[in-house]
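Undergrad: Just to be clear, the model below is a prediction. Sequence and coordinates:
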Amino acid sequence: MIKAVLWDMDGTLVDSEDIAVEALGCAMKEAGLLSPPGLKERVVGRSADEIYAIIVRDFGLKADPLEWERRKHHHYFLAAERLRGYDDAVKTWHRLAAAGIGQAVVSNSDRAIVDVNLRAAGLVRPGLVTVARNDVLLGKPHPDGYFRAAYLLGVEPRECLIVEDSSSGAAAALAAGIETVFVPHSHTAPPEGVRWLSSMAELEERVLRAP
């Protein structure tokens, strides 16, 4: 029986990945760096510290981490009005909530991004359980965030189901040993052991069906 659903945020609940990549490209331009083709594929699903390490190693970024994050956040927040929740995923969230299913958001984004994204999707409410990259020692592909979310919800990991859209998130979910599905709008093929949903209705049926 599924007692809780643990959601990834970017690309799963909120249509934010293109905005994040655009902000990254703008920050690179300000730093005198060229944004390469295929940048999205290289960074989607990765945490800010991983992305910073990539830009330093592969593109010669000289800015310190705090200055770099300030630049990225500046461009991201300028575009925040374009953020939207995925209608099918948000509707499923509300249906599961109405049915009494516990839910949490586990993201590789930092707290400031998590807050603005969930507000844009209309999902902010008192008591909402969220785990940002700042909240754990190791982000995805490590499972720490998902274990923390289960703990905060008061359920066992085996009583959860994870909803993801990226290979990094899938790796974290599989490392946690928790049943995992990919949203229908994912642009990444799920790895072995992760099922690709044909619709969000399929997720609702899996979670709400009688044990």
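TA: Done, it's in. In this text the structure is predicted, and so the values were computed from the model without any measurement.

Undergrad: mind listing what's buried in the lowest-mean-pLDDT helix or strand in the chain?
TA: In the chain, the helix or strand scored least confidently by mean pLDDT, DSSP states H and E is helix 39-43, which has a mean of 85. Buried residues in helix 39-43, counted by 16 or more other C-beta atoms under 10 Å: 39, 43. C-betas here are computed from N, CA, C, even on glycine.

Undergrad: Does anything pack onto that helix? Which helices or strands?
TA: Applying 3 or more C-beta pairs under 8 Å, 6 or more residues apart in numbering; DSSP states H and E, one finds that helix 39-43 contacts helix 17-30, helix 48-59.

Undergrad: Other residues contacting the first one?
TA: With C-beta atoms under 8 Å, 6 or more residues apart in numbering as the test, helix 17-30 has contacts from 10-11, 34-35, 39-40, 43-44, 51, 55, 59, 61, 68, 71-76, 79-80, 82-83, 109, 113.

Undergrad: Mind giving me the PyMOL select for those residues, buried ones only?
TA: Of those, the buried ones go into a single PyMOL selection, burial set by 16+ other C-beta under 10 Å:
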select buried, resi 10+11+39+43+44+51+55+61+68+71+72+73+75+76+83+109+113
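
Undergrad: quick one: which of the contacts of helix 17-30 sit in helices?
TA: The helices, defined by DSSP state H, take in 39-40, 43, 51, 55, 59, 68, 71-76, 113 from those.

Undergrad: Which pair of those residues spans the longest distance?
TA: Farthest apart among the ones in helices among the contacts of helix 17-30 by C-beta to C-beta are Phe59 and Ile113. That separation is 21.7 Å.

Undergrad: Tell me where the model's unsure across the chain.
TA: 210-211 (pLDDT under 70).

Undergrad: Which residue ranges of it form strands?
TA: 4-7, 14-15, 84-85, 102-106, 129-131, 160-164, 179-182, 195-196 (DSSP state E).

Undergrad: Is it possible to get a markdown table of the ones you listed that adds distance to Leu208 and mean neighbour count?
TA: Converted to a markdown table, those look like this (distance: least, C-beta to C-beta, whole Å; neighbours: other C-beta atoms under 10 Å):
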| stretch | distance to Leu208 | mean neighbour count |
| --- | --- | --- |
| strand 4-7 | 10 | 26 |
| strand 14-15 | 23 | 24 |
| strand 84-85 | 21 | 18 |
| strand 102-106 | 13 | 25 |
| strand 129-131 | 20 | 21 |
| strand 160-164 | 11 | 26 |
| strand 179-182 | 14 | 23 |
| strand 195-196 | 17 | 13 |
